[in-house]
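*Asks:* need a 3D model of the following:
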Amino acid sequence: MASVRDTVVSVEGVNGQRHGSGVVVHAKGFILTNYHVVLEEKEVGVTLFCGKQYKGVVVATDPAVDLAMIVILADNLHPVRLAKHCTVGELCIAIGHPFNHMNTVTVGVVSAHLRHIDY
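*Replies:* Predicted coordinates for the structure are as follows:
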């Protein structure tokens, strides 16, 4: 957890109704989160592991795959290292802040690859 903790952030809708997690994907402040966390919000609150808080701007969304991109005005962030590929049966770890519970960790197994989900 210590090696990735600085890459995981807490995301909160401006109305305080939705809480979720995100990961820093670029040192210049780009954060990937889920669309269902931001929905139609233009701005969100972002809290880093160290406790620093920022106003984040939602710059892109893709509701079909439940992803959103946020940017904050911060430099020298620690981006997450993403796997180049994964295979069914591999172990994986999910680290985040679901429902505003800070620093949760769970372990699972990749059960499918490129699965299409109809809503």
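*Asks:* most remote residue from the protein's center?
*Replies:* In the chain, counting by CA atoms, centre = their mean, G89 sits farthest out from the average C-alpha position, at 23.1 Å.
*Asks:* neighbouring strands - and their directions - for the lowest-mean-pLDDT helix or strand in the chain?
*Replies:* In the chain, no helix or strand scores lower on mean pLDDT, DSSP states H and E than strand 91-96, which sits at a mean of 76. Looking at strand 91-96 with DSSP bridges, its partner strands are strand 104-109 (antiparallel).
*Asks:* against V110, how distant is the residue farthest from the centre of the chain?
*Replies:* When distance is defined by CB to CB, to the nearest Å, G89 is 7 Å away from V110. The C-beta positions use only the backbone N, C-alpha and C, and glycine is treated the same way.
*Asks:* give the bridge partners for L67, please.
*Replies:* D62.
*Asks:* and it, how many neighbours does it have?
*Replies:* 15 (other CB atoms under 10 Å).
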